[in-house]
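# Please find the sequence and the predicted model below.
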Amino acid sequence: MGDREVDQQLVVRAQRGDKRAFELLVAKYQRKLGRLLSRLVRDPAEVEDVTQEAFIKAYRALPSFRGDSAFYTWLYRIAINTAKNYLVAMGRRAPTSTGFDHEDAESFEDAEQLRDSATPEAELIGKQIAATVNRAMEQLPEDLRTAITLREIEGLSYEEIASVMNCPIGTVRSRIFRARESIAAELRPLLGTDENRRW
Amino acid sequence: MNEQISRLMDGDIDASELDGVCAMLRSDAAIATWSCYHTIGDALRGETAVTRVVGAAVSRELAREPTVVAPRIRSVAGPASWTWAVAATLAAVTVVGWTAYSMIDATPAGLAKAREAGTMRAAQVRTLTVPADYLLAHQEYAPANALQGVGPYLRDVAASAPIGPAVTE
């Protein structure tokens, strides 16, 4: 089961009335969507509003989602339309569509531009998260660090990681989980300090 | 519990396990873990948040939304569907083939007749002679012909008056 299939299973559950399943999708994609919308709506407070509105619109439109495209691609279209409507309502012109092709939905890297639009608070939190994760990574044993790197950065499957690291899949599964738990132990206090918990 | 969340994130969950894992993910603690693991992945890929996350706010909004219940999406065709498709194709081929075969007179007498008919037709084509002037005169009535449209032109040329001084009254 790949990433798309996991999303699809969560969507099916949400379509059957399971709001928690949709909340998992929100938790998964909120940062990615926020980053993308930052290109359209520059004000950080407005980005939050539009992101939130996009998720609610997506939830209402769930019955129309048939799984022909990936969930995130579908969500991306809704978010872009929400942002454009918002800008029109505010009397501002939306950027041309050429800069927001659907391919951007899957691979968007424009950190410098995004940093410009971040609030000082958001930028600080982002830096703290990155520093905490990097520090925790350095403290990991070599095999755990390699496993989580191959999974999260290289995007390899468990089978491929097992082949690269020359170990059973069960070992890969265990190493990735232990790596995540070790990093999460460092990260949880930071995520829980804000009054709006970052789940 | 957290190990199953980790596996679900990576798609390492069988369909049979999915219901149990999703049921487990109803608690706030489980969703917090799910979110935390995704935050780790985002950070490792350099995708740290540039705005405050909106999960909690969306959750509050969702609580006020009427629950969505959509018709079930048709699942992707599985092995059973392929089996039926192959069986239907074989059945169709069998019926058409059997019908065609039953219409053929495969007895020696029938084959001899067919052979004889073929020979006669070939002979007739070879000996057929049509006068050239007849063909030329009837070109315009031919439904498909390389000279189609030329026939009337030729007739007009033949009917035109000879060149000479104009007749005045």
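Here it is on my side, so go on. Numbering: from 1, shown residues only, chains lettered A, B, ... in the order given.
# Contacts for stretch A:52-71, please.
A:4, A:7-8, A:10-11, A:14-15, A:22, A:25-26, A:30, A:33, A:37, A:74-75, A:78-79, A:82-83, A:86, B:54, B:57-58, B:61-62, B:65, B:68-71, B:73 (C-beta atoms under 8 Å, 6 or more residues apart in numbering or on different chains). From N, CA and C alone the C-beta is placed, and that goes for glycine too.
# Which members of those are positioned in helices?
A:4, A:7-8, A:10-11, A:14-15, A:22, A:25-26, A:30, A:33, A:37, A:74-75, A:78-79, A:82-83, A:86, B:57-58, B:61-62 (DSSP state H).
# Restrict those to the buried ones and give me that as a PyMOL selection.
In PyMOL syntax, the buried subset of the ones in helices among the contacts of stretch A:52-71 is picked out as below (16 or more other C-beta atoms under 10 Å in any protein chain shown):
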select buried, (chain A and resi 7+8+10+11+14+15+22+25+26+30+33+37+74+75+78+79+82+83+86) or (chain B and resi 57+58+62)
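# Just the terminal-to-terminal distance for stretch A:147-157.
10 Å (C-alpha to C-alpha, to the nearest Å).
# Give the rounded mean pLDDT of it.
Stretch A:147-157 shows a mean pLDDT of 93.
# what distance separates that stretch from the centre of its chain?
The chain centroid and the centroid of stretch A:147-157 are separated by 16 Å under C-alpha atoms, centre = their mean, to the nearest Å.
# What sits closest to A:A27 if chain neighbours are left out?
Nearest residue to A:A27 in three dimensions, chain neighbours excluded: B:S35, at 4.1 Å (C-beta to C-beta, 6 or more residues apart in numbering or on different chains).
# I'd like to know how many residues surround that neighbour.
23 (other C-beta atoms under 10 Å in any protein chain shown).
# A:S157 now?
16.
# list the contacts for it?
A:S157 makes contacts with B:D10, B:G11, as judged by C-beta under 8 Å, 6+ apart.
# contacting residues around B:L44?
A:V133, A:M137, A:I148, A:T149, A:E152, A:I153.
# Sorry, wrong one. I was asking about A:R92.
Contacts of A:R92 by C-beta under 8 Å, 6+ apart: none found.
# Which pLDDT value goes with A:R173?
pLDDT for A:R173: 95.
# how about it, what does it touch?
A:Y158, B:E3, B:S6, B:R7, B:D12.
# ok, and for the helix or strand where it lies, which residues are buried?
Taking DSSP states H and E as the criterion, A:R173 maps to helix A:169-191. By neighbour count with 16+ other C-beta under 10 Å, helix A:169-191 contains the buried residues A:171-184, A:187, A:190-191.
# Check stretch A:136-150 too.
For stretch A:136-150, by 16+ other C-beta under 10 Å, it's A:A136, A:M137, A:L140, A:L144, A:R145, A:T146, A:A147, A:I148, A:T149, A:L150.
# Show me the contact partners of that stretch.
Outside stretch A:136-150, the residues that reach it (C-beta under 8 Å, 6+ apart) are A:156, A:160-161, A:164-165, A:172, A:175-176, A:178-180, A:182-183, A:185-187, B:44.
# mind showing which ranges of chain B have poor pLDDT?
B:48-53, B:71-82, B:105-106, B:114, B:117-128, B:142-169 (pLDDT under 70).
# Quick one: the strands in it, in order.
Counting by DSSP state E, chain B forms no strands at all.
# Quick check: longest helix in it by residues?
Max-length helix for chain B by DSSP H is helix B:79-103.
# wait, doesn't B:D10 sit right on A:Y158?
Yes: between B:D10 and A:Y158 there is a contact under C-beta atoms under 8 Å: 6.5 Å.
# I'd like the distance between the residue nearest to A:A27 and B:E116.
86 Å (C-beta to C-beta, to the nearest Å).
# and stretch A:124-134, what's its mean pLDDT?
Mean predicted lDDT for stretch A:124-134 stands at 88.
# what comes up buried for that stretch?
Quick answer for stretch A:124-134 (16+ other C-beta under 10 Å): A:I125, A:G126, A:I129, A:A130, A:T132, A:V133.
# Please compute how far the helix holding A:R173 lies from its chain's middle.
18 Å.
# Just want the most central residue of chain A.
By C-alpha atoms, centre = their mean, chain A has its centre lying nearest to A:Y29, at 3.5 Å.
# Surely that residue is in contact with A:L75?
Yes: A:Y29 is in contact with A:L75 according to C-beta under 8 Å; the separation is 6.4 Å.
# Find the nearest non-adjacent residue to A:R16, please.
Closest to A:R16 by C-beta to C-beta, 6+ apart is B:V69, at 6.5 Å.
# what's the neighbour count on that neighbour?
Around B:V69 there are 12 residues (other C-beta under 10 Å).
# Contact partners for it?
A:Q15, A:R16, A:G17, A:P63.
# and with 10 Å instead?
For B:V69, the contacting residues are A:A14, A:Q15, A:R16, A:G17, A:D18, A:L62, A:P63, by C-beta atoms under 10 Å, 6 or more residues apart in numbering or on different chains.
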